[in-house]
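Undergrad: A structural model of the following input is requested.
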Amino acid sequence: MRQHTDIDLLDLTAKGNRDAFDALYDRYWELLYNAAQRRLKDKEQCKDIIQEVFIDLWCRRGQVSIDNIKAYLLTAVRFQIYKLVAKEKAGPAFFELYETIAASTFDAEGNIMEKEFLEHVKQWIDELPEKKRTMFLLHTQHDKSTKEIANELSLSQKTVQNQLGATISRLRLHIASFFMML
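TA: Next up is the predicted model:
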């Protein structure tokens, strides 16, 4: 199966050929694992994500049209990472997630998705009430601590912590819902 192209392997997989599927798995597992590892740093979570991606590929064989398997699989890994972050089971902060998306320039479709995503997040931030938006931007763009923000805005540190926590949780859900719509 090594001599087969990705398209050949996809066609055979769509017909239920397990050897072709295994060849795709062998061909892309390491690349996908490394992509996940750069973002999550948790080996078990990375393995679970890769497993989910390939299980989904097998379950949906013949149902989806895939032109570029590499791009498809890398996008699927990113989506699984976003879902994990949205469920707050992973450690990356908002801007690590943003950097993950910004670093994904492997094809034109990825660039379009990135622009749509960034516009979607920017619009969401712009619609926040002014105080919450200010707190969020001070924290994420200016890397200020909750104590510094509290002093700057004449609020208690606990208020800033609560407001930031709620805003970030809502943003995670918003991000997850964006990717669920794709």
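Undergrad: switch to C-alpha atoms for all contacts and neighbour counts from now on
TA: Will do.
Undergrad: okay, and for the protein, where does confidence drop off?
TA: 1, 85-114, 176-182 (pLDDT under 70).
Undergrad: So what touches the host helix or strand of residue 135?
TA: Assigned by DSSP states H and E, residue 135 belongs to helix 130-140. Identification of contacts with helix 130-140 by Cα atoms under 8 Å, 6 or more residues apart in numbering yields 94-95, 125-126, 144-146, 149, 160, 163-164, 167.
Undergrad: Among the residues you listed, which ones are in helices?
TA: 94-95, 125-126, 146, 149, 160, 163-164, 167 (DSSP state H).
Undergrad: Would you mind checking the residues you listed for buried ones?
TA: 125, 146, 149, 160, 163-164, 167 (16 or more other Cα atoms under 10 Å).
Undergrad: where's residue 82 relative to residue 40, distance?
TA: 11 Å (Cα to Cα, to the nearest Å).
Undergrad: More neighbours: those two, which one.
TA: residue 82 (25 against 20; other Cα atoms under 10 Å).
Undergrad: Now the two most distant members of the buried ones among the ones in helices among the contacts of helix 130-140.
TA: Farthest-apart pair in these is 125 and 146; separation 18.4 Å (Cα to Cα).
Undergrad: What's the separation between the residue lying farthest from the centre of the chain and residue 44?
TA: In the chain, counting by Cα atoms, centre = their mean, residue 154 sits farthest out from the average C-alpha position, at 35.3 Å. Distance, residue 154 to residue 44, using Cα to Cα: 43 Å.
Undergrad: sorry, back to before: which single one of the buried ones among the ones in helices among the contacts of helix 130-140 is nearest to residue 65?
TA: residue 125 (34.6 Å).
Undergrad: got a list of what the closest one touches?
TA: residue 133.
Undergrad: Quick check: can you list the domain ranges of the chain?
TA: 1-92, 94-182 (automatic domain parsing).
Undergrad: of all those, which gets the most neighbours per residue?
TA: Mean neighbour count (mean count of other Cα atoms under 10 Å) peaks for domain 1-92 among the domains of the chain, with a mean of 17.
Undergrad: any idea how far that domain is from the chain center?
TA: Its chain's C-alpha centre and that of domain 1-92 lie 14 Å apart, by Cα atoms, centre = their mean, to the nearest Å.
Undergrad: quick one, helices of this protein?
TA: Under DSSP H, the chain gives helices at 6-14, 18-40, 43-59, 69-86, 94-102, 108-126, 130-140, 146-153, 157-180.
Undergrad: helices or strands up against the third one?
TA: So that's helix 43-59. For helix 43-59, the helices and strands in contact under the criterion 3 or more Cα pairs under 8 Å, 6 or more residues apart in numbering; DSSP states H and E are helix 18-40, helix 69-86.
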